[in-house]
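K.L.:
predicted model follows, preceded by the sequence.
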Amino acid sequence: MNKPVSKAEIEKLSPKAEKQTLLWLQSGGCGGCSLSLLCAEGPDLITGFEAAGIEVLWHPSLSLETGSEFTDILNRILSGEQQLDILCLEGSAMCGPNGTGKFHMMAGTGRPMIDWIKDLSSHAKHVVAVGSCAAFGGITAAGDNEVEAVGLSYDGKEPGGLLGSEFRSQSGLPVVNIAGCPTHPNWVLETLMSLAFNSFTEAQMDDLERPRSYTDHLVHHGCPRNEFYEFKASAEQPSDLGCMMEHMGCLGTQARADCNTRLWNGDGSCLRGGYACINCTAPKFEEPGHPFMETPKIAGIPIGLPTDMPKAWFVALASLSKAATPDRLRENATADHIKVPPSGGGKKK
Amino acid sequence: MSRKIIGPFNRVEGDLEVQLEFNDDTVTDAWVVSPLYRGFERILVGKAPEDALVYTPRICGICSVAQSVAAAKALQMAKGLTMPHNGRLSHNLVLAAENIADHLTHFYLFFMPDFCRDTYQTEDWFKEVHPRFKSVQGTSAKEMLKARAEFMHLLGILAGKWPHSLALQPGGTTRTIGQQDQIRCIGILAGFRQYLENTLFGCSLEELTSVTSKPELVDLFSQGRPANSDMGLFLKASSQLELIKQGQGPDLFLSYGVYDEEDGTLYKQGTVEAGDYAALSQEAIAEDVSHSWMAEQSEALHPFEGATVPDAEQSDGYSWCKAPRLNKKPAEVGALARHVVDGHPLFQELAIGNQGNVEARIVARLMEIAEVVIAMEGWARQLHPGEPICNHASMDDTAEGFGLMEAARGSLGHWIKVKNGRILNYQIIAPTTWNFSPRDKDGAKGPLEMALIGAACRADEKEQPAMVQHIVRSFDPCMVCTVH
């Protein structure tokens, strides 16, 4: 007989007596993190919320309330009449032009969205940036960032952003940055459930306040092209099977996320879809300084090396493994389907 | 007369404000405001042409693949490239998966919950509709989300992930297809068909697609399983509220045509004005900015010459949206427009007076789900595992091209000009840019602005007329595409 589970253990990861209220706002983004979240499976989004005792006060894609019915909810939060446990922002904070916030005036209110976000943040137990836009500025901050798009606590790589790097929500936590473009549904749902269980702590965040549950990994982990990587057998054009680090701009060896071990839409990932990782969980991924699908090199060596790998060793190992590349991998790397299967123990030709 | 401002308008993609003028309880005039500007067209200037494949899908999280397809088509033209058989079919399957998932999301999450408003409590269909479609808690949403998520495994297989895939390329896709992938796709489609037939339609896809007239439609959904299906519930409410008389748009429909076949497209390209079909001339498209928060221009510009210069202080402006016009006229785009342009007799009949309306738009979307899933079953079987999926070519330093296609919400176009190997100009006209455009310099209203006139409050309504909600959402607006 197993030892019975203690009441404390059960309660720790069960819905609290009081519903944990959630408000979700969107500003300078595409809404793709919400749409990705709707793809959640095992559990689906609504079941996940139920399991964690999360009550959706309002979400733009889900709620009936519209117009003044919605602004009533905001005003009740600001007056203290309505408890707000989790505030999620999806999309960048739009500060332009010239700090006025006019690039996004919240519809129906005549007020810049950035002012609403600031006010509501000070009333929330937890504040969550969903996606790289809300965390760092993201795609909306690309180019010359004429629209002055920033994240909640970062402006690109620089601490700051709309709320400032010193911001702490009522729980004492900084803004939780669930970065990604888009976010994996589980990154978001599991973080929200942990917050609702009061089991999410600062120790579970990395140095950019992203949940370590997915950023303790590299996209490279579980990459199905690992053997091509090991022997530097490289793809040269889209649909080739080889490693995409050398020529095709792939940043999987540097990107912090678990995309190839926690897959997308069933069995997918960027690499499994045959295209490069663009490191979308990182600040400033939107401006790599070179075409996304080309690897910048100096003297034939990629500028960006695998995380934690000393350059001299990389160069030495790469030239060694290139010399040792089996013909099978060399041939398959530039083909769009496997031309040479691994040789096996069978005797039949 | 009193002006009422309604916003934020949710259950659309992005933020939306609608300003209405009422005479008693009837809308007499409308202004549609797109309140968010991000500036993708300016971000793209100076980038490598292929970078459009990274940036443009991120315009929109719900039409992401559509943006990829439009960008890939524009680059394809600029490169003078063709696609292999598998590349064409995989593009079709990936785009169809997104479009059909979008139609489902719209129907179940965005459109139907408005029938659960308090004002309808006394309607005889309310008792059936409310438990099924109440927002978040209704029984239909969970079922739909499960079916949708499993259906979208097609995108995991063929495009790596959704949204924001880089799999769709000018010459095909990056993901070659093996026999096991083909078999999985066929299996996923079979499961999705069962969900649609059991839940959404209550009849086989073929029973629905064989409908060619309004009496046949009414007859099919008058009894038995179809009557109790989710589509049946909509038709019941729609007929009692007479939604076929609500939300009339312009009498000009536009479709760029979509889903490339060996010869032509599954839905054909063209325009229908006052009931008459004509071929499309893309040169006749121009964007007016007279009522946009954009720097003044002397005239409406074709997108190859188009400029995007935001100006929040523009005094005549009331929206970040530009006003696209075809031969200087506003046009309605979307699933209804696709069917009218394609010559489908049911929709020529439902589009009373050669104009769109709430019921016709919804039925067109539901019909399209059935039609496209049948087409997908065919495309999946036509794939040739092991054969090439992507052609390759470099681009000249100076080049131009445009990509015209149909997203779930209607006609989407990208126009690219390349100089010195970098993007010189990139202009995008999205479906809801057409449907939710502001007025133009001649004062002509955009399609939604027209459609809202005449909408009336019910006796117990003051703040949020349900009919305004139905009309706005009947277009399935995507505001993040609209302005981009």
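P.N.:
It's in. These numbers were taken from a predicted model, which means no experiment stands behind them. Residues are numbered from 1 along each chain as shown, chains lettered A, B, ... in the order given.
K.L.:
chain A contacts on the stretch 201-350 of chain B?
P.N.:
Where the stretch 201-350 of chain B comes near chain A, counting by C-beta under 8 Å from any C-beta of the partner chain, the residues are B:310, B:312, B:320. (C-beta placed from N, C-alpha, C; glycine too.)
K.L.:
residues contacting the first one?
P.N.:
With C-beta atoms under 8 Å, 6 or more residues apart in numbering or on different chains as the criterion, the residues that contact B:Pro310 are A:97, A:103, A:146, B:37, B:39, B:293-295, B:320.
K.L.:
same question for the last one.
P.N.:
By C-beta under 8 Å, 6+ apart, the contact set of B:Trp320 is A:103, B:34-37, B:292-294, B:310, B:483.
K.L.:
same thing but at 7 Å, please
P.N.:
Counting by C-beta atoms under 7 Å, 6 or more residues apart in numbering or on different chains, B:Trp320 touches B:34, B:36-37, B:292-293, B:483.
K.L.:
and for A:Asn260, the neighbour number?
P.N.:
Using other C-beta atoms under 10 Å in any protein chain shown, A:Asn260 has 24 other residues around it.
K.L.:
according to the record, where do the domains of chain A fall?
P.N.:
Domains of chain A are assigned by automatic domain parsing as A:18-215, A:218-335.
K.L.:
most packed of the ones you listed?
P.N.:
domain A:18-215 (a mean of 22; mean count of other C-beta atoms under 10 Å in any protein chain shown).
K.L.:
ok, which of the domains of chain A comes nearest B:Arg117?
P.N.:
domain A:18-215 (7.3 Å; C-beta to C-beta).
K.L.:
next one: the closest one to chain centre, how far?
P.N.:
Mean-position distance between domain A:18-215 and its chain equals 13 Å (C-alpha atoms, centre = their mean, to the nearest Å).
K.L.:
could I get the full set of helices for the stretch 151-300 of chain B?
P.N.:
With DSSP state H, counting those that start in this stretch as the definition, the stretch 151-300 of chain B shows helices at residue ranges B:153-159, B:179-195, B:205-209, B:214-220, B:224-228, B:230-241.
K.L.:
of those helices, which approaches A:Val130 most closely?
P.N.:
Smallest distance to A:Val130 across the helices of the stretch 151-300 of chain B (C-beta to C-beta): 20.6 Å, for helix B:153-159.
K.L.:
so where's chain A uncertain?
P.N.:
Within chain A, the set of residues satisfying pLDDT under 70 comprises A:1, A:347-349.
K.L.:
could you look up the SS state of the residue of it found nearest chain B?
P.N.:
Nearest residue of chain A to chain B (C-beta to the nearest C-beta) works out as A:Gly273 at 1.8 Å. Put simply, A:Gly273 is coil when judged by DSSP: H, G, I helix; E, B strand; the rest coil.
K.L.:
now it: closest residue in space, sequence neighbours ignored.
P.N.:
Spatially, and ignoring its direct neighbours in sequence, A:Gly273 is nearest to B:Gly160 (1.8 Å; C-beta to C-beta, 6 or more residues apart in numbering or on different chains).
K.L.:
which residues does the one you found contact?
P.N.:
Residues counted as contacts of B:Gly160 (C-beta under 7 Å, 6+ apart) are A:264, A:268-270, A:272-275, B:167, B:175.
K.L.:
redo that, cut-off 8 Å
P.N.:
Per C-beta under 8 Å, 6+ apart, neighbours of B:Gly160: A:264, A:268-275, B:166-167, B:174-175.
K.L.:
just give me the closest of those to A:Ser132.
P.N.:
A:Cys270 (14.5 Å).
K.L.:
for A:Tyr275, see how far away whatever residue of the stretch 151-300 of chain B ends up closest to chain A is.
P.N.:
Across the stretch 151-300 of chain B, the shortest distance to chain A (C-beta to the nearest C-beta) belongs to B:Gly160, at 1.8 Å. Noted for B:Gly160: a distance of 6 Å to A:Tyr275, by C-beta to C-beta, to the nearest Å.
K.L.:
need the overlap of contacts for the two.
P.N.:
B:166-167, B:174.
K.L.:
centroid residue for the chain?
P.N.:
Unless you meant another one, I'm taking chain A. With the centre of chain A defined as its mean C-alpha position, the nearest residue by C-alpha atoms, centre = their mean is A:Gly180, 2.1 Å away.
K.L.:
ah, no, chain B please
P.N.:
Note: chain B centre (C-alpha atoms, centre = their mean) maps to B:Arg409, 0.5 Å.
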